[in-house]
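# this one's sequence-less:
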């Protein structure tokens, strides 16, 4: 009898927990698909899922918790499709080398805990983290710690080490004593077989996405166009793409000029990262094949001056040409997802800064917001769960003062954050 009573008590406790209801009273909700602002709405959350959204005057459901956001604009949690939580800014190659060579992976992971929290407090409830840059598989550990509520942070999709070909990415042995066996910021391969092995190894270790560094040696030609050196042979990049897709994963490509971009698209990449030096053919292919562009605008602006002082003006050239490139991409119908490359710049800098550039370069406020909501959710394959406030979606919800359709800077001052049904910022 005691056992029966104990089991019954446990079942009642579990049922009570499973039926926890939170009602969120909203001043207005932004429909990220239509751009419509709906006043006086109530979001009803059951555990971590949105059950329904009703008009305030129709709300009569009993709730365990009522949250009053009646003075705020409410929208879905934002999505950043290009972050590096294990980096803390690297304007110069020395900045990068110091982190890889002088900071242990445990130390970098401890610092990354703050990065994860910062992203969440910034209102980014989901991130795609594109490479640990020498910190092994620590991104998988951070993701696990967040999922187990050990540390606060956004929902993470991780790419672990990233892949490049031998000798084509820092750290370079020629910059140091050649007899030293220096660690690398990624996994190097030579040949198609090693490419396949690298993809399989990274997926086995927990990679959600596979990332490659497709080109290097960026240069501007006399006519103002850009070229680069491709990192992979056709056989190597094809092997990476094929193995990634056969494994049910997606490929993200760091690619700047047509030499890396077109090779990545042909290999099956789902997103092009940076793309500062793309040409019309790149844009046409991306629009036709629905390959997303993550423009990472602010990071280029952030590093341009410092790198130019050290003799590399290419990022200043990109800054000059990017407004026109962005307008061309919009006109061509290239799908664009929000990606900052934060970590490439300091985590204390604004993560919402790219929105301002997007609007300066021709987007409407709604289009810019959609890059970090419905577009980003589509790229990540999570359109049914994030990017919109709707029945069945995760309860990833943020609140701001003011109207982001009139003032995009409001997204840089998120007042309240719920991720997966838990409130993290009040």
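Sure thing, it's come through. A quick note: this is a predicted structure, and the numbers were derived from the prediction, not measured.

# Please work out the average pLDDT along stretch 222-240.
Predicted confidence along stretch 222-240 averages 97 (mean pLDDT).

# Could I get the buried residue list for it?
Neighbour-count burial for stretch 222-240, counted by 16 or more other Cβ atoms under 10 Å, picks out 226-228, 230-232, 236-240. C-betas here are computed from N, CA, C, even on glycine.

# Taking the residues you listed, tell me the two that lie furthest apart.
Considering Cβ to Cβ, no two members of the buried residues of stretch 222-240 lie farther apart than 226 and 239, which are separated by 26.6 Å.

# Which helix runs longest in the protein?
For the chain, the helix that runs over the most residues, judged by DSSP state H, is helix 314-332.

# which residues are in contact with it?
Residues outside helix 314-332 that contact it (Cβ atoms under 8 Å, 6 or more residues apart in numbering) are 218-220, 224, 226, 275-278, 280, 283-284, 286-287, 293, 295, 297, 300-301, 303-305, 307-308, 336, 358, 360-363.

# Chain neighbours aside, what residue packs nearest to residue 270?
In space, residue 270 comes closest to residue 250 once its chain neighbours are excluded; the distance is 4.2 Å by Cβ to Cβ, 6 or more residues apart in numbering.

# swap that for residue 372, please
In space, not counting the residues next to it along the chain, residue 372 is nearest to residue 338; the distance is 3.6 Å by Cβ to Cβ, 6+ apart.

# Pretty sure that neighbour sits in a helix.
No. With DSSP: H, G, I helix; E, B strand; the rest coil as the criterion, residue 338 is coil rather than part of a helix.

# With residue 21 as the reference, measure out to residue 67.
12 Å (Cβ to Cβ, to the nearest Å).

# out of the two, which sits in the more crowded spot?
It is residue 67, of residue 67 and residue 21, that has more neighbours when counted by other Cβ atoms under 10 Å, with 20 against 15.

# So what sits opposite the residue lying closest to the more buried one once chain neighbours are set aside in the bridge?
Among residues not flanking residue 67 along the chain, residue 24 sits closest, at 4.7 Å (Cβ to Cβ, 6+ apart). In this structure, residue 24 bridges to residue 43, residue 67 when assessed by DSSP bridges.

# how about residue 24, what does it touch?
By Cβ under 8 Å, 6+ apart, the neighbours of residue 24 are 42-45, 66-67, 69, 74, 397, 418.

# Please spell out the ChimeraX selection for the buried subset of the residues you listed.
What follows is the ChimeraX syntax for the buried subset of the contacts of residue 24, where burial is set by 16+ other Cβ under 10 Å:
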select :42,43,44,45,67,69,74,397,418
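
# Which one of the contacts of residue 24 is nearest to residue 136?
Where the contacts of residue 24 are concerned, and distances follow Cβ to Cβ, residue 136 has its nearest neighbour in residue 418, at 31.7 Å.

# Can you get me a residue count around residue 356?
By the measure other Cβ under 10 Å, the count of residues near residue 356 is 17.

# Can you give me the buried ones in whatever helix or strand it lives in?
Residue 356 is part of helix 353-360 when elements are defined by DSSP states H and E. Judged by neighbour count using 16+ other Cβ under 10 Å, the buried positions of helix 353-360 are 353-358.

# from the residues you listed, which single one is nearest residue 29?
Using Cβ to Cβ, the buried residues of helix 353-360 come closest to residue 29 at residue 355, 19.1 Å.

# any idea how far that closest one is from residue 422?
Taking Cβ to Cβ as the measure, residue 355 falls 26 Å from residue 422.

# name the element the residue most central in space within the chain belongs to?
Averaging the C-alpha coordinates of the chain gives a centre point, and the residue nearest to it by Cα atoms, centre = their mean is residue 81 (2.0 Å). Using DSSP H and E, residue 81 falls within strand 78-83.

# got the angle between that strand and helix 353-360?
Strand 78-83 and helix 353-360 meet at an angle of 100 degrees, taking axes from the mean of the first three to the mean of the last three Cα atoms, to 10 degrees as the criterion.

# Just list what strand 78-83 packs against, helices and strands only.
helix 105-121, strand 124-129, strand 292-294, helix 374-379 (3 or more Cβ pairs under 8 Å, 6 or more residues apart in numbering; DSSP states H and E).

# so what's residue 170 up against?
For residue 170, the contact set (Cβ under 8 Å, 6+ apart) comprises 93, 96-97, 100, 184-185.

# Next one, pLDDT for it please.
pLDDT for residue 170: 80.

# With the one 5 residues further on instead?
Per-residue confidence at residue 175 stands at 84 (pLDDT).

# for the stretch 1-150 of the chain, what are the low-confidence residue spans?
Under the criterion of pLDDT under 70, the regions of the stretch 1-150 of the chain flagged as low confidence span 1-19.

# Helices along that one, start to end?
Counting by DSSP state H, counting those that start in this stretch, residue ranges of the helices within the stretch 1-150 of the chain are 2-18, 93-102, 105-121, 138-147.

# Could you pull out the buried residues of the last one?
In other words, helix 138-147. Within helix 138-147, the residues scored as buried using 16+ other Cβ under 10 Å are 138-143, 145-146.

# Please apply the same query to the third one.
Applying a neighbour-count criterion of 16+ other Cβ under 10 Å, one finds 105, 108-109, 111-113, 115-121 buried in helix 105-121.

# Out of the residues you listed, flag the one nearest to residue 196.
Closest approach to residue 196 among the buried residues of helix 105-121 (Cβ to Cβ): residue 105, at 26.1 Å.

# quick one, what contacts that closest one?
Contact analysis of residue 105 by Cβ under 8 Å, 6+ apart lists 134-136, 138.

# The residue nearest to residue 57 when sequence neighbours are not counted: neighbouring residues, count only.
Computed as Cβ to Cβ, 6+ apart, the closest residue to residue 57 that is not its neighbour in sequence is residue 40, at 7.2 Å. Counted with other Cβ under 10 Å, residues neighbouring residue 40 total 15.

# ok, now residue 53?
Burial of residue 53, expressed as a neighbour count using other Cβ under 10 Å, amounts to 19.

# which residues does it form a beta bridge with?
Following DSSP bridges, residue 53 is listed with bridge partners residue 43.

# my guess is it contacts residue 31, does it?
No. The pair residue 53 and residue 31 fails to qualify as a contact (Cβ atoms under 8 Å) at a distance of 9.8 Å.

# who touches both of these two?
residue 389.

# what's the distance between residue 208 and residue 343?
Applying Cβ to Cβ, the value for residue 208 to residue 343 is 17 Å.

# Between the two, tell me which one has more neighbours.
A side-by-side neighbour count of residue 208 and residue 343, using other Cβ under 10 Å, places residue 343 first with 25 against 20.
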